[in-house]
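Engineer: Sequence and predicted structure are below.
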Amino acid sequence: VNCVVSPPVSSFDNYKKSSFENYATLPNHGGSYGWRFGLYWWGMKTYLINLDRATERLRGIETHLRGIGVAYERIAAVDGRELSPAQRRMCCNRLRFFILHARRPQPAEIGCALSHQAVYARMEREGVALALVLEDDARLDPGRLADSLARIATDNRPGRPQAWLLYGGGIPAAPRSEERAFVPVRDGAAFTPAYAINLDGAKRLRRLNGRVQALADVWGRWAACGVEVKWVTPFACTLAEVPSQICWDVPRRARWGWYRALWRVRHAAGRWLDRMLYRVVGH
């Protein structure tokens, strides 16, 4: 792997600056599958989100991507745990987050959302029309990936905010069909290990979540806010068996049946109120 690495960027004060220059370009080679994924594949640039301290995860995804010949640009993820309480308040609209999710945001969730926002900012700054966004626990099937990216490139409509999800495992709302299809998302779509997004979609998500008011992966909300979000089946992505870097501190009372029922009611009301606010304020 040929790497060009600049000083790491991990603080909130620097995350919006144009200093994310950590990247690795893998050589194009067929490997055992015969596919050739360059840094641009079907006009689609590949970004990999990875925390500076997650070196083992980086080695794992590097080995995997080298094996299937995928070249990528690394984006240093924002570590929400390193942000001070004042910084977290500044970069997160906690009231809107509480309305939508019926709970307070975890530091790691804020960092995850800011990391994806950094990708969208890079796309807008460089004028990247279409991008494949990967997290470091994604594992890709090369045959399905090639087919999915080809279909996404054909389905892309400049001027229309669009996103395509390549992972659906463990999501009850996700389609289970193995047929080649685009399936519009419903409420319940989650996770961001692998997805494609066009420039208009990136711009829309920057406007909607630039100051974090929702999790990065609430695809149902983004669909309700004007982004055309689809699952791409059969899914080309699975997850590596590595611990999650986002640990939700579940309160003990959440185990109580009455509390879970109350949370569901409050969450449903919050989603309705969030959509009314979107219609009024536009984000």
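Structural biologist: Sure thing, it's come through.
Engineer: who are the neighbours of the longest helix seen in the chain, in terms of helices and strands?
Structural biologist: For the chain, the longest helix by residue count, based on DSSP state H, is helix 257-281. Judged by 3 or more Cβ pairs under 8 Å, 6 or more residues apart in numbering; DSSP states H and E, helix 257-281 is in contact with helix 94-101, helix 219-224. Using the backbone N, CA and C atoms, a C-beta is placed for each residue, glycine as well.
Engineer: Buried deepest among these, which one?
Structural biologist: helix 219-224 (a mean of 21; mean count of other Cβ atoms under 10 Å).
Engineer: residue closest to the middle of the chain?
Structural biologist: Central residue check for the chain by Cα atoms, centre = their mean: the C-alpha nearest the mean position is that of Thr192, 3.7 Å away.
Engineer: Verify the stated contact: that one with Val218.
Structural biologist: No: contact criterion Cβ atoms under 8 Å: Thr192 and Val218 do not qualify, at 10.0 Å.
Engineer: just checking, Ile110 touches Glu82?
Structural biologist: No: the pair Ile110 and Glu82 fails to qualify as a contact (Cβ under 8 Å) at a distance of 10.9 Å.
Engineer: Let me know which of the helices and strands packed on helix 257-281 is the nearest to Ile75.
Structural biologist: Of all the helices and strands packed on helix 257-281, helix 219-224 sits nearest to Ile75, with 19.6 Å by Cβ to Cβ.
Engineer: Now do that closest one, average pLDDT.
Structural biologist: The pLDDT scores in helix 219-224 average 92.
Engineer: what comes into contact with it?
Structural biologist: Helix 219-224 is contacted from outside by 100, 163, 165, 184-190, 204-205, 208, 214, 229, 271, 274-275, 278, using Cβ atoms under 8 Å, 6 or more residues apart in numbering.
Engineer: Narrow these to just the buried residues.
Structural biologist: 100, 163, 165, 185, 189-190, 204-205, 208, 214, 229, 271, 274, 278 (16 or more other Cβ atoms under 10 Å).
Engineer: Among those, which ones are in strands?
Structural biologist: Ala163, Leu165, Val229 (DSSP state E).
Engineer: Could you count how many residues lie near the residue nearest to Leu51 when sequence neighbours are not counted?
Structural biologist: Distances taken as Cβ to Cβ, 6 or more residues apart in numbering put Ala77 closest to Leu51, at 4.5 Å, once the chain neighbours are dropped. Ala77: 27 surrounding residues under other Cβ atoms under 10 Å.
Engineer: just checking, Ala77 touches Ala113?
Structural biologist: No: using Cβ under 8 Å, Ala77 is not in contact with Ala113; the gap is 10.7 Å.
Engineer: just for the stretch 51-200 of the chain, where's the confidence low?
Structural biologist: Within the stretch 51-200 of the chain, the ranges that satisfy pLDDT under 70 run 170.
Engineer: just the strands in it please.
Structural biologist: 73-76, 130-135, 138-140, 162-165, 181-184, 194-198 (DSSP state E, counting those that start in this stretch).
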